[in-house]
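Novice: Next come a sequence and a model predicted from it.
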Amino acid sequence: MKTLKLYYENPYINVFTAEVIEKKIIENKYHILLNQTAFFLGGGGQERDFGTIEGIEVVDIYEKEGNIYHVLEKELNKIHKVRCEIDLKHRKDKMYQHSAQHILSGAFFKLVNRNTKSVHFGNEISTVDIEGILNEQEVMKVEDYVNKIISDNIVIENFVPSKKELKKINVRRDLPQTDDEIRIIKIGALDVNACCGVHAKSTLELKAIVITKFEKNKGNTRIEFLAGDRAVNYLLKREHNLKRICNKVSCGEEELENSIMNLNEKISDLINENKKITEQLVDLESKKLIGECEFNNKVESELNNREVNLISKVYSDKNIEYLKKIANKLCEEDSFVVLLASNDKEKVNIIFACSKNLTTDINKMKNNKIKKCNHTKKGYEVEKDIQDKKNIEVKKDNLTKGAEELNMGELLRDTIKLLDGKGGGNKVFAQGGGKNNGNIENAIEYATRKVKEIIKNG
Ligand SMILES: [Zn+2]
């Protein structure tokens, strides 16, 4: 005796009673065969039903020669009139997504003559892959049409025709090659297709179908969609978002697009204005720094008797782009070494840069000196009072290496250790960032001292 499937006739049954025909234990689980069931065992891409038999959870359902077995993890003692209950909310949700897919597939076939390649019903989003590449206009046309189909309240029929009748039915897709019975789902004049899934009784139950996204996928078009409560909730959420955005921009829905375009225009004007002001600021600041440098930080190279302008400064609340601009501006001229830093609450940024002529000149002279005098360089040692004051451990070897030549990258990598940071660069430009550990003044002072030393030894 085959199990009577109640769900095709009435997809809304959530409680029913049945007789236990057979009970067997396989791997400590109880397999229960019922005379009738409302538990859909899954098919056509639709997930199986969930629920209980006499309060015991059904963990699996399968069919064997027309008999439907319900798998339980606990023993079922009753055999007459056992009370079964399915999760109707879950069933309806999955059923509506599936019926929506049939409506969408039918509509794409009818309106743009494209058939369905594959379907997927997910817990949050479902997809239907339509053959070929579709454009936005085509997709929107179908979206409008399927919602009209919903409001037209079209009956969704499901039936199993005889083999003879089946030959006369014009189905959208080829029928499966099987001797088993073939179930047909017919949605008015829109769509006829073979399917073993459980469907709504009418299109109106679906409430709405929303296409949330469409994209190319392996030569086809993947349509993401929602139906039933999923679609309603999605639309409500969008509605709330829209209201919130309108309030933020202080305009009505109709003016929103224009308001956003106006805002974009204002923003780009402000950005341009800001650029100009920043350029002016950089110009002024550079001049100011050069002025200060004339009196305080000029370092004379002992060997070639030429002046090197050494500028170091710690800013607060300046971003790294600003520091870069200042450094680049100053180093456009010959003979500048610029050591800049900026701190905010969480981190510090540093930029070290020098004019191109300096690395060539000083390093060339340095090499010449080594060659000429066979000079063995003495290691650099941190002055004891400063070491004690700052309580900073810096390896003597690194310092020695850093003092060999004017190289901004090396100097920065060496200095940044004092800030627990990272960074790097080349001989003429380097940047880095570190934690604001209160050591920024010391770090810049340290780098300044090293540069002076390199230049003097150069
Ligand atoms: Zn189907």
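Specialist: Alright, I've got the coordinates. Numbering: from 1, shown residues only.
Novice: in what helix or strand does I130 lie?
Specialist: Using DSSP states H and E, I130 sits in strand 126-131.
Novice: Need the mean per-residue confidence for the very next helix or strand once past that strand.
Specialist: Downstream of strand 126-131, the first helix or strand assigned by DSSP H and E is helix 136-151. In this model, helix 136-151 has an average pLDDT of 98.
Novice: Then stretch 94-103?
Specialist: The average pLDDT for stretch 94-103 rounds to 98.
Novice: Could you do stretch 428-441 as well?
Specialist: For stretch 428-441, the mean per-residue pLDDT is 88.
Novice: First residue to last residue on it, what's the distance there?
Specialist: End-to-end distance of stretch 428-441: 22 Å, with CA to CA, to the nearest Å as the criterion.
Novice: Mind listing residues that contact that stretch?
Specialist: Defining contact as CB atoms under 8 Å, 6 or more residues apart in numbering, one finds that stretch 428-441 is touched by 314, 320, 323-324, 327, 331, 341, 343-356, 359, 390, 392, 408-409, 411-413, 416, 418-425. From N, CA and C alone the C-beta is placed, and that goes for glycine too.
Novice: Which members of those residues occur in strands, if any?
Specialist: 314, 341, 343, 347-354, 422-425 (DSSP state E).
Novice: neighbour-wise, which of those leads?
Specialist: Highest neighbour count within these: F352, with 30 neighbours (other CB atoms under 10 Å).
Novice: Which residues does it form beta bridges with?
Specialist: L339, A430 (DSSP bridges).
Novice: Please name the residues that touch it.
Specialist: By CB under 8 Å, 6+ apart, the residues touching F352 are 327, 338-340, 408, 411-412, 415, 425, 429-431, 447.
Novice: quick one, what contacts the closest residue to the ion within the stretch 301-450 of the chain?
Specialist: The minimum distance from the stretch 301-450 of the chain to the ion, using CB to the ion, falls at E346 (55.5 Å). Residues near E346 by CB under 8 Å, 6+ apart: 435-436.
Novice: what's the spacing between it and D420?
Specialist: The gap separating E346 from D420 is 12 Å, by CB to CB, to the nearest Å.
Novice: who touches the closest residue to the ion within the stretch 251-400 of the chain in this structure?
Specialist: Closest to the ion within the stretch 251-400 of the chain is E253: 37.4 Å, counting by CB to the ion. Neighbouring residues of E253 by CB under 8 Å, 6+ apart: 242, 246.
Novice: And it, its phi and psi?
Specialist: phi -60, psi -40 (degrees, to the nearest 10).
Novice: which stretches of the chain aren't confidently modelled?
Specialist: Within the chain, the ranges that satisfy pLDDT under 70 run 294-306, 360-404, 458.
Novice: in a helix, that's where I267 is, yeah?
Specialist: Yes: assessed by DSSP: H, G, I helix; E, B strand; the rest coil, I267 belongs to a helix.
Novice: Just give me the neighbour total for it.
Specialist: When neighbours are counted by other CB under 10 Å, I267 registers 10.
Novice: Quick check: it vs K24, distance?
Specialist: In this structure, I267 and K24 are 71 Å apart, going by CB to CB.
Novice: same question, I311
Specialist: Going from I311 to K24 by CB to CB gives 88 Å.
Novice: For those two, indicate the residue with more neighbours.
Specialist: Taking other CB under 10 Å, I311 and K24 do not tie; I311 has more neighbours (23 against 10).
Novice: quick one: the more buried one and L289 touch, right?
Specialist: Yes: applying CB atoms under 8 Å, one finds I311 in contact with L289, separated by 5.1 Å.
Novice: near the ion at all, stretch 2-18?
Specialist: No: Stretch 2-18 lies out of reach of the ion by CB under 5 Å from the ion, never closer than 12.8 Å.
Novice: And the contacts of that stretch?
Specialist: Contacts of stretch 2-18 with the rest of the structure, by CB under 8 Å, 6+ apart, involve 21, 33-40, 49, 51, 63, 65-68, 81-88, 91-92, 95, 158, 183, 198-201.
Novice: Mind doing that once more with 6 Å?
Specialist: Stretch 2-18 is contacted from outside by 34-38, 40, 66-68, 81-86, 88, 158, 198, using CB atoms under 6 Å, 6 or more residues apart in numbering.
Novice: Break down the stretch 301-450 of the chain into its helices, ranges please.
Specialist: 320-331, 356-373, 384-390, 396-402, 408-415, 440-457 (DSSP state H, counting those that start in this stretch).
Novice: And for the stretch 151-300 of the chain?
Specialist: Using DSSP H, counting those that start in this stretch, the helices of the stretch 151-300 of the chain run over residues 163-168, 229-249, 256-296.
Novice: Quick check: the residue of the stretch 201-350 of the chain nearest the ion.
Specialist: In the stretch 201-350 of the chain, the residue that lies nearest the ion is A227 (13.3 Å; CB to the ion).
Novice: who in the stretch 1-150 of the chain is up against the ion?
Specialist: G44.
Novice: Name all residues that make contact with the closest residue to the ion within the stretch 1-150 of the chain.
Specialist: In the stretch 1-150 of the chain, the residue that lies nearest the ion is G44 (3.8 Å; CB to the ion). If you count contacts by CB under 6 Å, 6+ apart, G44 has them with 195-197.
Novice: just the buried members of these?
Specialist: 195-197 (16 or more other CB atoms under 10 Å).
Novice: filter the residues you listed down to the ones close to the ion.
Specialist: Answer for these near the ion (CB under 5 Å from the ion): 195, 197.
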